[in-house]
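**Q** I'll drop the sequence and a predicted model, then ask my questions.
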Protein chains: 2
Amino acid sequence: MPRITGEFALIERYLAPLSTGSEGAFGLKNDAAVLDMAAGERLVVTVDCMVADRHFLADDPPDSVGQKLLRVSLSDLAAMGAEPLGYLLSASWPPDTQEAWVAAFCEGLARDQRLFSIALLGGDTTATPGPMTLSLTAFGRVQGNEVLDRASLRPGDDLYLSGTLGDAFLGLQILQGRIDGLSPAAREALVARYRCPEPRVALGRALLADGLAESALDVSDGLAADLGHLLEASDVGAELRLDAMPLSAAAEEGLARLGSAPEILVSGGDDYELLFAAAPDRRAEIARLSETLSLRLTRIGRVKAEAGLTVLDAALRPLSLGSAGWTHF
Amino acid sequence: MPRITGEFALIERYLAPLSTGSEGAFGLKNDAAVLDMAAGERLVVTVDCMVADRHFLADDPPDSVGQKLLRVSLSDLAAMGAEPLGYLLSASWPPDTQEAWVAAFCEGLARDQRLFSIALLGGDTTATPGPMTLSLTAFGRVQGNEVLDRASLRPGDDLYLSGTLGDAFLGLQILQGRIDGLSPAAREALVARYRCPEPRVALGRALLADGLAESALDVSDGLAADLGHLLEASDVGAELRLDAMPLSAAAEEGLARLGSAPEILVSGGDDYELLFAAAPDRRAEIARLSETLSLRLTRIGRVKAEAGLTVLDAALRPLSLGSAGWTHF
């Protein structure tokens, strides 16, 4: 297969088609792109960078790399309650990059553009002697003055997690050869969650629009680590119930094959589920939202006034945090 | 000197202070940033990527690397006629990056933030086993529906270049050891222009606001190459006068020491001057604008109906384009 040719050919053949339908992208022929905002709207922006073999694996299918790159940023927008509008791509390609790889990568982007009703607005491509480095800036909008933020936790609030915990972490263990003997269905489900997260865009927008939650974040570095940042920002603490954690059947099977207890998942990363806080009197509304979205929204703990994070096992005994994560004493 | 420590310490110590004054940056503690736009404003966005030893030199002063990264994107905003608002930074650091390097890099950003009245809105930092890779997304705004674009050239239009041509190209030749024996003042001036371009923000805004120009771009890949893209987009041609090119005294000295004719500068890159087209009946206004801005605005050629770019020497003989650039037959 041919390697990628000049920058301009690459842009014209693969990237410019991704800007179709976005008038302000000028077919990627301009110095910059233009984005129209309506009165009363606020722009929400985020950037995420992925380096080959650190944030994705060099032999991951290239379409899923495109999807993951986009979805990681859409997940950030979701955590603010924003509606996605478009994105910019900055890509540094190593000299051995195959044109077929770029074509498939762009197919993944195109698929998700349709799914999330967005388009490419512009970008920059460069050569690099290092690993492939992909940086994506995503744009979204919110109506009015409020966004979901990270600093509005109140003692007594319930803590919720969307979807299920740990699938992506277990998917990475599979790809790194640390789990054997899984059923093909479980293997496929877990690997898919590592390669292609589900940004909870509809959930974030509903939480903001309905005023159900004031604080949210997307879990990327691990539930415990990310919750830690949330607690610090609000100067409060929290208690998590390990037996409440939403686990998929595939994750249960993966844990069994790995010979690990569920607490390992509290420190695993790459979930891209939303962690959010809501007042206890909103439980019925959150249950209805869960039904409307066909998305599990699980109460996994609560906010406390005292600083610090406590993780309780099924017998309500606190685990302790060691170098290998949360464990029994 | 210590190497950089964890991502969070780095963000807190060096990057978060750059977001001071930007309410929507949430002190870099949120998933994304919020940007307010007023009614009637349009957002202009651009991203640029720089890889160490390709777009800057590993031993360039780190503050100038920060400034160049920011200014290259501000130059894109200038070419659209936009007013800068803020930026996102995506940085991939090699493991041997020194904390002092990051500190000085951020000092360069801070200096230019004050100069251009903007602030950091957010970002992402990652580790990389490859060369340092820096990607910056800049935000700007324009009033109303118009921007300077690349596809509105009309036959008969004058072509103008801001500032002077080729200083940055010659600065790079100096840093690569290809020019000896220059006066210290010329050396300093040329190297400074390579390391720290001047984004023509005030010029771009004035050209748009006064309706003086409809097409503009910033010269980054070389005057001839960039003009070629402009001509293609408008389906026209152009004629450039080599004897009209604005050269600094330092560039004249550099050319003499390099033993090269001025035509070499038509293909040199990194100028970040604005190239723009205006109708001949606007010459007096453009001369006044040049005085107001204290910035040379030089008529270097004109747009023709016939496709193709012609470069004329002082005797009005056309040069030909070979593999080494524009030369005499």
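**A** Noted; the coordinates are in hand.
**Q** Excluding covalently adjacent residues, which one is nearest to the residue of chain A found nearest chain B?
**A** Residue nearest to chain B within chain A: A:G130 (1.6 Å; CB to the nearest CB). Yep, even glycine has a C-beta here, placed from its N, CA and C like the rest. Once flanking residues are discounted, A:G130 sits nearest to B:G130: 1.6 Å by CB to CB, 6 or more residues apart in numbering or on different chains.
**Q** The one you found touches A:T126, doesn't it?
**A** No - if you go by CB atoms under 8 Å, B:G130 and A:T126 don't touch, sitting 12.0 Å apart.
**Q** Walking through the stretch 51-200 of chain A, point out its strands one by one.
**A** A:83-93, A:119-127, A:133-143, A:158-162 (DSSP state E, counting those that start in this stretch).
**Q** Now the second one: buried residues?
**A** Within strand A:119-127, the residues that qualify as buried are A:A119, A:L120, A:L121, A:G122, A:G123, A:D124, A:T125, A:T126, counting by 16 or more other CB atoms under 10 Å in any protein chain shown.
**Q** what's the answer for the last one, then?
**A** Taking 16+ other CB under 10 Å as the basis for neighbour counts, the residues of strand A:158-162 that come out buried are A:D158, A:L159, A:Y160, A:L161, A:S162.
**Q** Show me how chain A divides into domains.
**A** For chain A, the structural domains run A:7-143, A:158-312, going by automatic domain parsing.
**Q** In a markdown table: these, plus mean pLDDT.
**A** As requested, these are arranged in a markdown table below (pLDDT from 0 to 100):
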| stretch | mean pLDDT |
| --- | --- |
| domain A:7-143 | 92 |
| domain A:158-312 | 95 |
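**Q** looking at these, which is buried most?
**A** Highest mean neighbour count of the domains of chain A: domain A:7-143, a mean of 21 (counted as mean count of other CB atoms under 10 Å in any protein chain shown).
**Q** contacting residues around the residue lying closest to A:L70 once chain neighbours are set aside?
**A** The shortest distance from A:L70 to any residue other than its chain neighbours is 5.1 Å, reached at A:D112 (CB to CB, 6+ apart). Shown in contact with A:D112 (CB atoms under 8 Å, 6 or more residues apart in numbering or on different chains): A:G66, A:Q67, A:L70, A:R71.
**Q** rewinding a little: could you dump the domains of chain A to TSV with distance to B:Q98?
**A** Converted to TSV, the domains of chain A look like this (distance: least, CB to CB, whole Å):
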stretch	distance to B:Q98
domain A:7-143	18
domain A:158-312	25
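**Q** Ok, which of these comes nearest B:S260?
**A** Judged by CB to CB, the one of the domains of chain A that comes nearest to B:S260 is domain A:7-143, at 26.4 Å.
**Q** Enumerate every residue touching the residue nearest in space to the middle of chain A.
**A** Central residue of chain A (CA atoms, centre = their mean): A:Y272, 3.0 Å from the mean position. Going by CB under 8 Å, 6+ apart, A:Y272 touches A:R71, A:V72, A:S75, A:A168, A:P197, A:E198, A:P199, A:R200, A:D218, A:V219, A:S220.
**Q** was I right about A:T298 contacting A:L161?
**A** Yes - at 5.4 Å, A:T298 counts as touching A:L161 under the criterion of CB under 8 Å.
**Q** Between these two, which contacts overlap?
**A** Contacts common to A:T298 and A:L161, judged by CB under 8 Å, 6+ apart, are A:M245, A:P246.
**Q** Helices of the stretch 151-300 of chain A, residue ranges please.
**A** Using DSSP state H, counting those that start in this stretch, the helices of the stretch 151-300 of chain A run over A:167-175, A:184-195, A:201-209, A:223-234, A:249-258, A:283-293.
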